[in-house]
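Engineer: Turn this into a structure:
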Amino acid sequence: MINSQLIEVFRVLTTKERKLLTKYVRSPLFNTRADVIKLCDYLCDQHPFDRLDMLKKSYVFGKVFPDQPYDEKQIRYTMSFLFKGIKSFLTYQEFLQEPVNEELYLARFFKNRGLERSFNLEVKQLSKQLNQQPYRTSDYHYKKYQLHYEKFDFSINQKRETTESIGILSDEITTFFIATKLKLGCSTIILKGVSQMEYQQQLIDEVLTHVEANDYSEVPAIEIYYNAYKTFTDASPEPYYRKLRESMNKFHYFFPKEELINIYLIATNFCIKQFNRGKSEFFSELFDLYKKGLQLDIYYIENGIIPRFMYKNIVTAGLIEKDFEWVETFIYAYKEKLEEKYRESTFVYNLANMYYYKLEYDKAMELLREMVFDDVLNDLAARCILLKIYYELEEFDPLESLLESLRVYLQRSKDLAYRKQHYNNILIFTRQLLQLPAMDKKERSQFRQRIQAAEIFAEKDWFLKQVGG
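Structural biologist: Numbering: from 1, shown residues only. Have a look, this model is predicted:
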């Protein structure tokens, strides 16, 4: 039972969901088996399943079927019926997450049964709910299409004039398709950059041509994703980026947080790419995007936790912009919003990094030497700060010791993925930097070329600075 789908799904249910599930399985409309109720109650009591021995089938069988000899087939049946019930329950919960679903399906029922008065009342209520809901995502236009399809279908069945509904119906399905296609196009480009795989984007040229020939400037889902897509693909992307920022400022309240953060990631990725191409003004743009995202409260995951990598990115952007007062306020203000497991190490690393940027090397070293980093990535990043400090202070003995410990650490590490190459590059280029003749212009020029040619290497600017590049 420990590795069953039943337990796998049960593990991720919230306290509220488990309580509702116990009520659900007690309803004779959905379940009439007493053994299913007993198994559900038992699993709720055992959650979060710290005692794996209490999940053995033979043990659980005794709790569900006391005073009966163990029957493998019987416990499997009970597990299967409960799992089927959970799937039905989760489907129902997902249905309820979308407030207009009830009116839409009721309208469809009344239409199919020919109840015109009830149908018209539900359509009126559905239309009101759609107009009152805050978001204008592609899904909004799909819901409007569904509404007008029911009105159109009802008119057809009643042999009535359908001109108005069919016009709106056509407009909404077109808007939904275009917005979805552009959104998918942006996602495809991002995936291509990560996986290096080619993805077919059929009809995208026709979609772009259609948008450019029509005015969709007041349709948030199209205006945002059209400019985002052109920011990725146009030979002169900067005007589209400016329009994207304008659209983001104008329409941000039309998108839920989970979609808004993806829109902001598109903009931040563009700024990072432009900065890496030598357009330094885009780092100010990046920092501004991070601050705007914080104002909109979009960087949180479950339970108000801010991802430690986002925390670090925001700090780094502020440090490069030399807005030290803002950065220090952010580091302390958002510390408690970090995941508890990584909180202290992430806080200490970023605080030490701030001291490094402020040239307060003693404070940075004191923090890093006292802290034992449980998180591998923070540990490696902290070593990198110490490495730079030792070199800049010309403390070459501790630097040599650090380089050797880093070499051994990287040699033993098996799960760093592409980051291993990054830190191997730091190790290799630091040793070359130490051996570089101070007055040999040719060797220093060749060293700069090797630095610039290195692909997986985030410390290029620091190394180039050391050789005057």
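Engineer: helices and strands of this structure: which one bottoms out on pLDDT?
Structural biologist: Within the chain, confidence by mean pLDDT, DSSP states H and E is lowest for helix 163-195 among all helices and strands, at a mean of 86.
Engineer: Please identify the buried residues of whatever helix or strand residue 43 lives in?
Structural biologist: With elements taken from DSSP states H and E, the one containing residue 43 is helix 34-46. Of the residues in helix 34-46, those scored as buried under the neighbour-count criterion (16 or more other C-beta atoms under 10 Å) are 35, 36, 37, 38, 39, 40, 42, 43, 46. C-beta coordinates here come from the backbone N, C-alpha and C atoms, glycine included.
Engineer: does residue 135 count as helix, strand or coil?
Structural biologist: Three-state call for residue 135 (DSSP: H, G, I helix; E, B strand; the rest coil): coil.
Engineer: how close does residue 144 get to residue 214?
Structural biologist: Summarising the geometry, the distance separating residue 144 from residue 214, computed by C-beta to C-beta, to the nearest Å, is 18 Å.
Engineer: So the chain: which segments form each domain?
Structural biologist: Annotated domains of the chain cover 5-97, 414-469 [automatic domain parsing].
Engineer: Comparing those, which yields the minimum mean pLDDT?
Structural biologist: Mean pLDDT across the domains of the chain is lowest at domain 414-469; the value there is a mean of 85.
Engineer: just so I know, which of the domains of the chain lies nearest residue 405?
Structural biologist: Each of the domains of the chain was checked against residue 405 via C-beta to C-beta, and the shortest separation belongs to domain 414-469, namely 10.5 Å.
Engineer: quick one, helices of the stretch 351-469 of the chain?
Structural biologist: Listed in chain order, the helices found in the stretch 351-469 of the chain under DSSP state H, counting those that start in this stretch are 361-370, 376-392, 396-412, 418-434, 441-453, 460-466.
Engineer: Sort out which residues of the fourth one are buried, please.
Structural biologist: In terms of neighbour count (16+ other C-beta under 10 Å), helix 418-434 has its buried residues at 419, 420, 422, 423, 424, 425, 426, 427, 429, 430.
Engineer: Can you give the distance of it from its chain's centre?
Structural biologist: Relative to the mean C-alpha coordinate of its chain, helix 418-434 is positioned 30 Å out (C-alpha atoms, centre = their mean, to the nearest Å).
Engineer: got it, and the second one?
Structural biologist: Helix 376-392 has its average C-alpha position 28 Å from the chain's average C-alpha position, going by C-alpha atoms, centre = their mean.
Engineer: What's the separation between residue 90 and residue 32?
Structural biologist: Relative to residue 32, and taking C-beta to C-beta, residue 90 is found at 20 Å.
Engineer: out of these two, which sits in the more crowded spot?
Structural biologist: residue 90 (15 against 11; other C-beta atoms under 10 Å).
Engineer: okay, residue 144 and residue 214: which has more neighbours?
Structural biologist: Each of residue 144 and residue 214 has its neighbours counted (other C-beta under 10 Å); residue 144 has more, 22 against 12.
Engineer: Remind me what the helix or strand harbouring residue 144 packs against, helices and strands.
Structural biologist: Take DSSP H and E as the rule and residue 144 turns out to sit in helix 138-157. Taking 3 or more C-beta pairs under 8 Å, 6 or more residues apart in numbering; DSSP states H and E as the contact definition, the neighbouring helices and strands of helix 138-157 are helix 101-112, helix 116-132, helix 163-195, helix 220-233.
Engineer: and residue 67, how many neighbours does it have?
Structural biologist: The burial metric for residue 67, expressed as a neighbour count using other C-beta under 10 Å, is 5.
Engineer: In terms of secondary structure, what does the helix holding residue 43 contact?
Structural biologist: Contact here means 3+ C-beta pairs under 8 Å, 6+ apart; on that basis helix 34-46 packs against helix 5-11, helix 15-26, helix 57-64, helix 72-97.
Engineer: which helices and strands sit right next to the second one?
Structural biologist: Spelled out, it's helix 15-26. On the basis of 3+ C-beta pairs under 8 Å, 6+ apart, helix 15-26 makes packing contacts with helix 34-46, helix 72-97.
Engineer: and the angle for the first one with helix 15-26?
Structural biologist: If I follow you right, that is helix 34-46. Orientation note: helix 34-46 sits at an angle of 170 degrees relative to helix 15-26 (axes from the mean of the first three to the mean of the last three C-alpha atoms, to 10 degrees).
Engineer: Ok, the last one next?
Structural biologist: For helix 72-97 and helix 15-26, the angle between their directions (the same axes, to 10 degrees) works out to 120 degrees.
Engineer: What residues sit buried inside helix 72-97?
Structural biologist: The neighbour-count check on helix 72-97 (16+ other C-beta under 10 Å) flags 75, 78, 79, 81, 82, 83, 85, 86, 89 as buried.
Engineer: still on that earlier bit, most neighbours per residue, which of the helices of the stretch 351-469 of the chain?
Structural biologist: helix 376-392 (a mean of 19; mean count of other C-beta atoms under 10 Å).
Engineer: got the CA coordinates for that one in CSV?
Structural biologist: Taking only C-alpha atoms (Å, rounded to 0.1, in the frame of the first residue of the first chain), the coordinates of helix 376-392 have been written out as CSV:
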residue,chain,number,x,y,z
VAL,A,376,24.7,22.7,-1.7
LEU,A,377,24.0,25.7,-4.0
ASN,A,378,24.3,28.3,-1.2
ASP,A,379,27.5,26.6,0.0
LEU,A,380,29.1,26.8,-3.5
ALA,A,381,27.9,30.4,-4.0
ALA,A,382,29.4,31.3,-0.6
ARG,A,383,32.7,29.8,-1.5
CYS,A,384,32.6,31.9,-4.7
ILE,A,385,32.3,35.1,-2.7
LEU,A,386,35.2,34.1,-0.4
LEU,A,387,37.3,33.3,-3.5
LYS,A,388,36.8,36.8,-4.9
ILE,A,389,37.5,38.4,-1.6
TYR,A,390,40.7,36.4,-1.0
TYR,A,391,41.9,37.3,-4.5
GLU,A,392,41.1,41.0,-4.2
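Engineer: wait, residue 99 sits on residue 129?
Structural biologist: Yes. Applying C-beta atoms under 8 Å as the test, residue 99 and residue 129 come out as touching, 6.3 Å apart.
Engineer: Which one's more surrounded, the two?
Structural biologist: Ranked by neighbour count (other C-beta under 10 Å), residue 99 and residue 129 place residue 129 first, with 16 against 12.
Engineer: could the helices and strands packed on helix 138-157 go into TSV alongside distance to residue 139?
Structural biologist: What follows is these, written out as TSV (distance: least, C-beta to C-beta, whole Å):
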stretch	distance to residue 139
helix 101-112	12
helix 116-132	11
helix 163-195	8
helix 220-233	9
